[in-house]
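In: build me a model:
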Amino acid sequence: MEAIGGKESLIFFKEKIAAVGVMWSSSNTNSSSTALIGLQLFFLLLLTSLTLSNKSTGLKLFTYHHGRIHRLSGLFHLCWLVYGASFIKNNHHHNWHTTCLQYDILLGLSGIITTLTASYSFPHKHVINRPGESGTLSQSAIVTQSEMVEHSFYQGVNLIQAVYLHFVTWTWGVAVDNYDGDERFRIVIQEFAKRFGMLLLVTLPWVVRKRFPVNSFSANWKSNVEMNNNNNNNQHNDKVENNTNGGIRVGTQLGSNYLWLINGMYRFKKWQYVFYKHVILHGLNISIAASHHPTNHNNTPLPLTPQWRTFWLLLNTSYVMEFFLQSLVKRRVLTQRYMMILNFLLMISASIASMESNVLGQVKVEAALISLCLNFWNRGHDVGNTMMTFIIVYFGNQQFVRRII
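Out: Just a heads-up that it's a prediction; the model follows:
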């Protein structure tokens, strides 16, 4: 048997990558149904808790005068999420593509407005949590303004990606095989320029990422471990003390029974974020731009499939519910343990949804891997890294080589 080399090795490598894609695409609808059931169960448990709360809170949280714009926008966003979870599989009418696009745009805008109005309606900018704490998980910590503003950036990125996916999966796909010679080469180059331009537009928001706050997941669990090691003989009681800079420093008990679970969830969220950024975000955007026909095996545009719509809803729900659930704990509508269960339900459901053939199965393995490697080699330059990855994937695509030979 002859050794594989040169062009044969490239073809062999591409065939192996294609085989991985086939394994991804072989997933059936069972996992999609599981993720959707998880999402619907989350909303059922949440709405039940709000309705049955015997405190002067619950649904009244949306009617107080202070911060009314945020409360009303939050109520609308919650209702819009619940509505979206109820019609995911109702995709038989002829205006389904328009319905999904309109829903996604309104959902994205509603989420951004809800987050930003919360950051400016309440005095969270004066809150400074103890090192190692995040207001989204720790019981006595409070969500800070920087956490909210940072979330708004990613909500904006998600909205732009949704519009991008709708546009490219509706309109792309050129029958270059109908052309020969120089004309075919010209069409291929035109396609490359168009795809390069669209990918650049959807990636440009990362130019201003440094203008937004950064709250590191790893900093939380590392601080917790370090402080536990250094303060075994100096237990902290739950308390609030004044900061010399005029802020409010919130402390928590280092020996909390939930500390090990919180640290574990920080680690899970860290790698979930890495997966999201380089597979679901950059990896998927690059893969769609480099695909000849960016649709699934049923010729359905990606953002119209039940699998993607389930994942998209779970992603948007996760961004806002981190804050809302912690607010419910502060108002004693939920216990800390119950809040952690709901958060865990969301995290698991989103992870299951991301493994679908119409989510993960649409991502080219080489696009995700190159994006991840460039991130460690050239950190903080997402636009340049993404465009470089696209060039490598697009011109290294076997189909492209065949078109111009």
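In: any residues touching the helix or strand harbouring residue 79, and which ones?
Out: Under the criterion of DSSP states H and E, residue 79 resides in helix 68-86. With Cβ atoms under 8 Å, 6 or more residues apart in numbering as the test, helix 68-86 has contacts from 36, 39-40, 43, 47, 61-64, 103, 106-107, 110-111, 113-114, 117-118, 121-122, 309, 313, 316-317, 320, 324. To be clear about C-beta, it is placed using only N, CA and C from the backbone, and glycine gets the same treatment.
In: tell me where the model's unsure across the stretch 151-300 of the chain.
Out: 171-185, 216-262, 292-298 (pLDDT under 70).
In: please enumerate the strands of the stretch 201-350 of the chain.
Out: Under the criterion DSSP state E, counting those that start in this stretch, the stretch 201-350 of the chain contains strands at 239-242, 248-251.
In: mind listing what's buried along stretch 60-71?
Out: The neighbour-count check on stretch 60-71 (16 or more other Cβ atoms under 10 Å) flags 61-62, 70-71 as buried.
In: using CSV, write out every CA atom in it.
Out: This file holds the C-alpha atoms of stretch 60-71, laid out as CSV (Å, rounded to 0.1, in the frame of the first residue of the first chain):
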residue,chain,number,x,y,z
LYS,A,60,-45.5,42.4,41.6
LEU,A,61,-41.8,42.8,40.7
PHE,A,62,-43.0,44.0,37.3
THR,A,63,-45.4,46.7,38.6
TYR,A,64,-43.3,48.7,41.1
HIS,A,65,-42.8,52.3,40.2
HIS,A,66,-39.0,52.5,40.7
GLY,A,67,-37.3,51.3,37.5
ARG,A,68,-40.6,50.9,35.7
ILE,A,69,-39.1,51.0,32.2
HIS,A,70,-36.9,48.1,33.1
ARG,A,71,-39.7,46.2,34.8
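In: now tell me what touches whichever strand or helix holds residue 383 from outside.
Out: Taking DSSP H and E as the criterion, residue 383 maps to helix 382-395. With Cβ under 8 Å, 6+ apart as the test, helix 382-395 has contacts from 192, 195-196, 199-200, 203-204, 206-207, 209, 282, 285-287, 289-290, 364, 366-367, 370-371, 374-375, 378, 400.
In: quick one: buried ones out of those residues?
Out: Among the contacts of helix 382-395, those scoring as buried are 192, 195, 199, 203, 206, 282, 285-287, 289-290, 364, 366-367, 370-371, 374-375, 400 (criterion: 16+ other Cβ under 10 Å).
In: what's around the residue nearest to residue 201 when sequence neighbours are not counted, how many residues?
Out: Spatial nearest neighbour of residue 201, excluding adjacent residues (Cβ to Cβ, 6 or more residues apart in numbering): residue 164 at 7.6 Å. Residue 164: 20 surrounding residues under other Cβ atoms under 10 Å.
In: same thing with residue 352?
Out: 21.
In: try the one 4 residues further on
Out: The number of residues packed around residue 356, counting by other Cβ under 10 Å, is 24.
In: surely the residue nearest to residue 201 touches residue 286?
Out: No: applying Cβ atoms under 8 Å, one finds residue 164 not in contact with residue 286, separated by 11.4 Å.
In: got the phi/psi numbers for residue 379?
Out: Torsion angles at residue 379 (phi, psi; degrees, to the nearest 10) stand at phi -60, psi 140.
In: what's the spacing between residue 190 and residue 120?
Out: Distance, residue 190 to residue 120, by Cβ to Cβ, to the nearest Å: 45 Å.
In: more crowded one of those two?
Out: residue 120 (15 against 12).
In: and the more buried one, what element?
Out: Using DSSP H and E, residue 120 falls within helix 96-121.
In: quick one, that helix and helix 68-86 angle?
Out: 150 degrees (axes from the mean of the first three to the mean of the last three Cα atoms, to 10 degrees).
In: and helix 96-121, what does it pack onto?
Out: helix 68-86, helix 145-171, helix 306-330 (3 or more Cβ pairs under 8 Å, 6 or more residues apart in numbering; DSSP states H and E).
In: helices or strands up against the helix or strand containing residue 200?
Out: Following DSSP H and E, the helix or strand that holds residue 200 is helix 181-203. Here helix 181-203 touches helix 145-171, helix 282-290, helix 382-395, helix 398-404, going by 3+ Cβ pairs under 8 Å, 6+ apart.
In: residue 61 contacts residue 332, doesn't it?
Out: No: taking contacts as Cβ under 8 Å, residue 61 lies outside contact range of residue 332: 11.5 Å.
In: run the angle between the helix or strand encompassing residue 50 and helix 306-330 for me.
Out: Take DSSP H and E as the rule and residue 50 turns out to sit in helix 30-52. Helix 30-52 and helix 306-330 are oriented at 30 degrees to each other (the same axes, to 10 degrees).
In: tell me the mean pLDDT over helix 30-52?
Out: Averaging pLDDT along helix 30-52 yields 86.
In: which other residues reach it?
Out: With contacts defined as Cβ under 8 Å, 6+ apart, helix 30-52 is touched by 58-59, 61, 81-82, 85, 88, 306-307, 310-311, 313-314, 317, 321, 325, 328, 333-334, 338, 342, 345-346, 348-350, 352-353, 355-356.
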